[in-house]
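[1] next comes the sequence, and after it the predicted model I'd like to discuss.
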Amino acid sequence: MSRIMLLASANILPFSFTSLPLKISCYKTRPSVYYHYPKPRIESLANSFNRPPFPKRVFMPILRSSVETQDPQDPIVEKEEEASLKKKNKNGDDDDENGEGRDWTTSILLFLLWGGIMYYVFNLAPNQTPSMDKYFLMKLLNLKGDDGFVMNKVLVSLWYMMGLWSVTYSMLLLPTGRSSKGKAASIPIWPFLVLSFFGGAYVLIPYFVIWSPPAPKVKEDEVKRWPLNVTESKITAGITLGAGLGLVIYAGLANGDGWKEFYQYFRQSKLVHATSMDFALQAVFAPFWVYNDMTARKSLDKGKWLLLLSPVPLLGPLIYLLFRAPITSTPLLSTPSSSYTDRDKTD
């Protein structure tokens, strides 16, 4: 009887207690150690019943990091992750303010493009008729009375279209073309827009170089004040579109001789040459700013057909300005509740 009890206890012990490893876990910083103890060998009893002996195991501690063994739902781990995320975001904001976290590739390319264009205009553009350029400028500015000379219709249309381009860019860049990050946020946009009435794209491209999106929020009372009460007005967009359409028709009414004369001016006159290049540059950049304005107003899905019309010089962007979503119905408008929410997130 005692022999049977001894065999029963020998069969129970290896499979009950020895299979459970002793776990010693350290908190947070020190590694957790798992020990595997070898099972006892009872060779005499096993051999008596022709049973194979237990395999020999080597004592081997298993080391694991406390980060792996710790519960991810642990509040201490969550607090550490939050602190690291805040620190990362803070460092990212500091980098943006210092200009280190920004990709300057596009800005550098734009600056090189602007430098090349300015060099061409001042040094390589045709300048065979400087006296005629002075005369044209006085006639176009209405500083010279009627002397019997009829100005070229295409040139007159081009001259006044440049003023409409400045109005168009003012409506596109205010407010969605303003900067909100880094040092560019402290540079106002209005000097560039005012000077664009005199210099066109030659003045706007330097602002494109330093522009840093996204656009800042617009306060509700700001929409009712100058200049947003004008740039956001459908009346302004409608009048500008009507004027642009009239100038296109006026230039189209010029006969073949008028277009040939304009082409001759383009080849000889620096004034006509530089103005034509200015028109082309603003037409090239306009679709991007239409897209930027649509993205800021979250209306890209509803107005894709307007984006397709934006490459049409002058008229395409003006059609978009007439039908674009008002800023009061877009997330760009800052309401008191949203401002409190942003303040809470910042805190």
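    Looks like it arrived, so ask away. In this text the structure is predicted, and so the values were computed from the model without any measurement. Residues are numbered from 1 along each chain as shown.
[2] residue ranges with poor pLDDT in the stretch 101-250 of the chain?
    The stretch 101-250 of the chain contains residues with pLDDT under 70 at 101-102.
[3] and the strands in it?
    Per DSSP state E, counting those that start in this stretch, the stretch 101-250 of the chain carries strands over the ranges 218-219.
[4] now do the helices in it.
    Counting by DSSP state H, counting those that start in this stretch, the stretch 101-250 of the chain has helices at residues 105-119, 130-140, 153-173, 190-199, 201-210, 228-231, 234-252.
[5] show me what the shortest one is packed up against.
    Other elements packing on helix 228-231 under the criterion 3 or more CB pairs under 8 Å, 6 or more residues apart in numbering; DSSP states H and E are absent; no helix or strand qualifies. Backbone N, C-alpha and C define where each C-beta goes, glycine included.
[6] outside of it, which residues touch it?
    Helix 228-231 is contacted from outside by 170, 171, 174, 175, 218, 222, 223, 236, 327, using CB atoms under 8 Å, 6 or more residues apart in numbering.
[7] at 7 Å instead, please
    170, 171, 174, 175, 222, 223, 236 (CB atoms under 7 Å, 6 or more residues apart in numbering).
[8] in the helix or strand containing residue 288, what's buried?
    Assigned by DSSP states H and E, residue 288 belongs to helix 270-296. Within helix 270-296, the residues that count as buried by 16 or more other CB atoms under 10 Å are 270-279, 281-283, 285-287, 289-290, 292-294, 296.
[9] which strands and helices sit next to whatever helix or strand comes next after it?
    Following helix 270-296 in sequence order, the next helix or strand is helix 304-309 (DSSP H and E). Counting contacts by 3 or more CB pairs under 7 Å, 6 or more residues apart in numbering; DSSP states H and E, helix 304-309 packs against helix 270-296, helix 315-323.
[10] how many residues are close by residue 260?
    Residues lying near residue 260 (other CB atoms under 10 Å) number 12.
[11] over to the one 5 residues further on?
    As a burial measure, residue 265 scores 22 neighbours (other CB under 10 Å).
[12] can you pull the contacts of it?
    152, 155, 272.
[13] distance to residue 211 for those - can I get that in JSON lines?
    Below are the contacts of residue 265 laid out as JSON lines (distance: CB to CB, whole Å):
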{"residue": "152", "distance to residue 211": "36"}
{"residue": "155", "distance to residue 211": "32"}
{"residue": "272", "distance to residue 211": "30"}
